[in-house]
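A.B. asks: A structural model of the following input is requested.
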Amino acid sequence: MQLGVADQSQTQSLPDGYKWRALSATSLGSLSATLNSGTLIIALPVIMKQLHTSLESILWVVMVYMLVSSAAVVNVGRLGDMFGRRKLYNLGFAIFTVTALLCGLASTAGLLIFYRVLQGIGGALMMANSTALVTDAFSGAERGRALGINAMVAAVGQAVGPVLGGWLTNLGVRWVFWYNVPLGIIGTWVAITQLREVGTLAKDVKFDWTGTALFLVAIVSMLTVLSFGGIYGWGSVTILSLIVIFVISLLAFIAVERKVSDPVIDINLFRIPAFAIGNATQFINSLVRMAVMFLLIFYLQGARGLDAVMAGLLVAPVAVGMLITAPVAGWMADRVGNKVLSPLGLFLSGIGCLGLLTVGAHSSYVGLCVWQFIIGLGSGIFSSPNTSAVMGAVPNSKRGVAAGTRMMLANLGMVIAIALTLIIVTNVMPTQIMMSIFAGLEVDPSTIALGGFIHGLQVSFATCAALSLLAGAVSVRLKSA
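C.D. replies: Residues are numbered from 1 along each chain as shown. The predicted model follows:
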């Protein structure tokens with residue numbers, strides 16, 4: 001098989017109705033994963049009070065899931081190619097469900113962080129294999145619509161998560177985790193009974209244990225530095241030590257990967273233009289979307305003095321915009337290709353970011369929502385056609401590692417966005433106040449250097465706009481799927 005030409009023979013031989021069952025099973029996983037993040041952020045202050053723990057520990061509760069899932073997702077994709085995507089997806093859903101129960105039972109911050117590590121592994125098993133399973137099930141003529149529906153479900157989770165989290169805290173903070181249990185049981189049962197192993201498993205592939213270990217050390221140390229450097233101090237012993245560990249492990253990883261026959265990250269995939277350009281623009285889009293959300297949460301809770309639930313409602317328009325355009329864009333991609341849609345979406349997101357430059361100390365909430373909605377519309381137009389182009393360009397036997405690489409880069413974009421947000425905010429307000437805002441605690445707006453903070457916001461939004469417009473220009477080169 002020529003690299004870059006997807007094998008559709010098995011897709012064409014599937015029984016009628018299977019593709020929609022596969023889409024339903026994987027969409028339940030997407031809904032669980034996206035709901036999980038939004039509900040948890042809103043509940044942070046209650047968790048901190050009930051566990052009698054520090055703000056640093058609570059921040060780890062949020063970040064450790066993303067760190068672990070980002071580090072593991074590429075390796076999970078490789079395992080899916082070797083042993084079966086269905087098996088690992090089912091296992092991931094089961095782990096995610098069981099750890100949700102354990103998180104709700106945790107009596108200390110340490111236990112909660114440990115269970116979140118395990119939940120991150122379950123999330124990686126789900127994320128790395130869900131896109132590959134949908135790609136396997138749908139032919140090129142319908143793949144965009146299917147991935148658009150999957151993205152729409154994820155957008156629903158992003159929009160509903162913060163509101164649901166605020167309501168669940170009234171029932172008790174444990175229900176912020178426990179609501180995942182019935183959803184997870186249903187999702188696991190549907191996945192086990194409905195999914196099939198469609199893709200061709202990779203034969204004679206050896207798992208690169210040395211490369212995997214070095215990759216995990218490198219990416220975890222890098223993401224930890226980016227996430228916590230602004231909090232612990234860039235010159236602290238902990239951060240400097242992690243930087244040294246990152247450099248050494250990265251150099252060792254590169255040296256090892258040059259010698260093995262089956263590396264953790266298949267560099268050859270990046271020789272496919274659709275895969276390389278699609279992943280680069282996906283990275284930028286994820287970074288921009290997460291940066292906008294986090295910056296506005298700081299703005300709404302810190303500068304405007306709103307509570308966490310209201311702030312969550314006011315950052316929902318991005319997800320609402322994606323909810324509207326993602327399935328439509330996927331349907332259009334199946335008919336007109338990706339050549340126009342992805343650049344259009346990125347340019348539209350850039351325009352929304354430019355509109356946010358008008359944000360000030362007393363800006364209208366209506367205007368704020370309108371510009372976010374435009375960013376969401378653009379992201380929805382971009383996301384599903386781009387994903388379809390990326391996944392449709394790789395061989396069937398490499399879809400697992402391709403999906404893992406895509407998810408790793410998307411997660412990396414979000415973590416870097418959080419890191420940049422924290423860096424900007426710590427430059428204009430005391431770290432303790434910044435962490436209190438992040439945890440949703442009540443903060444006196446008069447303690448914030450408002451002028452410097454607003455300037456930092458405007459610089460950040462201008463940077464996001466430039467990145468989106470640049471990504472749109474690069475995406476013009478991406479050929480139709």
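A.B. asks: show me where pLDDT drops low in the stretch 1-150 of the chain?
C.D. replies: 1-16, 38, 41-42, 45, 55, 140-141, 144, 148 (pLDDT under 70).
A.B. asks: and the most centrally placed residue in the chain, what does it touch?
C.D. replies: With distances taken as C-alpha atoms, centre = their mean, the residue of the chain nearest its centroid is residue 411 (4.4 Å). Residue 411 is in contact with 66, 69, 70, 73, 286, counting by C-beta atoms under 8 Å, 6 or more residues apart in numbering. For the C-beta atoms, the positions are set from N, CA and C on the backbone; glycine is no exception.
A.B. asks: buried residues in the longest helix anywhere in the chain?
C.D. replies: Scanning the chain for the longest helix, with DSSP state H as the assignment, gives helix 18-51. Within helix 18-51, the residues scored as buried using 16 or more other C-beta atoms under 10 Å are 19, 21-48, 51.
A.B. asks: that helix packs against which elements?
C.D. replies: Helix 18-51 is packed against helix 55-83, helix 85-105, helix 109-137, helix 140-171, helix 175-178, helix 180-194, helix 308-314, with contacts defined by 3 or more C-beta pairs under 8 Å, 6 or more residues apart in numbering; DSSP states H and E.
A.B. asks: pull the distance from that helix to the chain's centre.
C.D. replies: Here helix 18-51 is found 12 Å from its chain centre; the criterion is C-alpha atoms, centre = their mean, to the nearest Å.
A.B. asks: next: stretch 64-80.
C.D. replies: Taking C-alpha atoms, centre = their mean, one finds stretch 64-80 lying 12 Å from the centre of the chain it belongs to.
A.B. asks: restricting to C-alpha, output it in CSV.
C.D. replies: What follows is stretch 64-80, C-alpha atoms only, in CSV (Å, rounded to 0.1, in the frame of the first residue of the first chain):
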residue,chain,number,x,y,z
VAL,A,64,-2.6,15.6,36.0
TYR,A,65,-5.4,14.1,33.8
MET,A,66,-4.3,16.2,30.9
LEU,A,67,-0.6,15.5,31.4
VAL,A,68,-1.1,11.7,31.6
SER,A,69,-3.5,11.5,28.7
SER,A,70,-1.2,13.6,26.5
ALA,A,71,1.8,11.5,27.4
ALA,A,72,0.0,8.2,26.9
VAL,A,73,-2.1,8.8,23.9
VAL,A,74,0.5,8.2,21.2
ASN,A,75,1.6,4.9,22.8
VAL,A,76,-2.0,3.8,23.1
GLY,A,77,-2.5,4.5,19.4
ARG,A,78,0.4,2.2,18.6
LEU,A,79,-1.0,-0.5,20.9
GLY,A,80,-4.4,-0.1,19.1
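A.B. asks: can you give me the buried ones in that stretch?
C.D. replies: 64-80.
A.B. asks: try stretch 127-147
C.D. replies: Within stretch 127-147, the residues that count as buried by 16+ other C-beta under 10 Å are 127-140, 142-147.
A.B. asks: all helices of the stretch 201-350 of the chain, in order?
C.D. replies: 209-232, 237-257, 273-298, 308-314, 317-336, 341-355 (DSSP state H, counting those that start in this stretch).
A.B. asks: show me what contacts residue 470?
C.D. replies: residue 284.
A.B. asks: then residue 473?
C.D. replies: residue 343.
A.B. asks: if we go to 10 Å?
C.D. replies: Shown in contact with residue 473 (C-beta atoms under 10 Å, 6 or more residues apart in numbering): 281, 343, 346, 347, 350.
A.B. asks: and if you look at residue 69?
C.D. replies: 33, 76, 117, 119-128, 407-408, 411.
A.B. asks: looking at those residues, spot the one nearest residue 219.
C.D. replies: Nearest to residue 219 out of the contacts of residue 69 is residue 408 (C-beta to C-beta; 7.8 Å).
A.B. asks: wait, that closest one sits on residue 265?
C.D. replies: Yes. With contact defined as C-beta atoms under 10 Å, residue 408 reaches residue 265; the gap is 8.4 Å.
A.B. asks: and these two? Which one has more around it.
C.D. replies: residue 408 (27 against 20; other C-beta atoms under 10 Å).
A.B. asks: follow-up on the earlier one: can you say which of the helices and strands packed on helix 18-51 is packed in most?
C.D. replies: Mean neighbour counts were compared across these using mean count of other C-beta atoms under 10 Å; the top stretch is helix 109-137, at a mean of 25.
A.B. asks: got phi/psi on residue 258?
C.D. replies: phi -70, psi -20 (degrees, to the nearest 10).
A.B. asks: quick one: contacts for it?
C.D. replies: residue 267.
A.B. asks: for residue 252, see how far away it is.
C.D. replies: Using C-beta to C-beta, to the nearest Å, one gets 11 Å for the distance from residue 258 to residue 252.
A.B. asks: same check on residue 361?
C.D. replies: 49 Å.
A.B. asks: between these two, which one's more packed in?
C.D. replies: residue 252 (17 against 12).
A.B. asks: how near is the residue lying closest to the more buried one once chain neighbours are set aside to residue 241?
C.D. replies: Counting by C-beta to C-beta, 6 or more residues apart in numbering, the nearest residue to residue 252 once its immediate chain neighbours are dropped is residue 214, at 5.2 Å. Distance, residue 214 to residue 241, using C-beta to C-beta: 17 Å.
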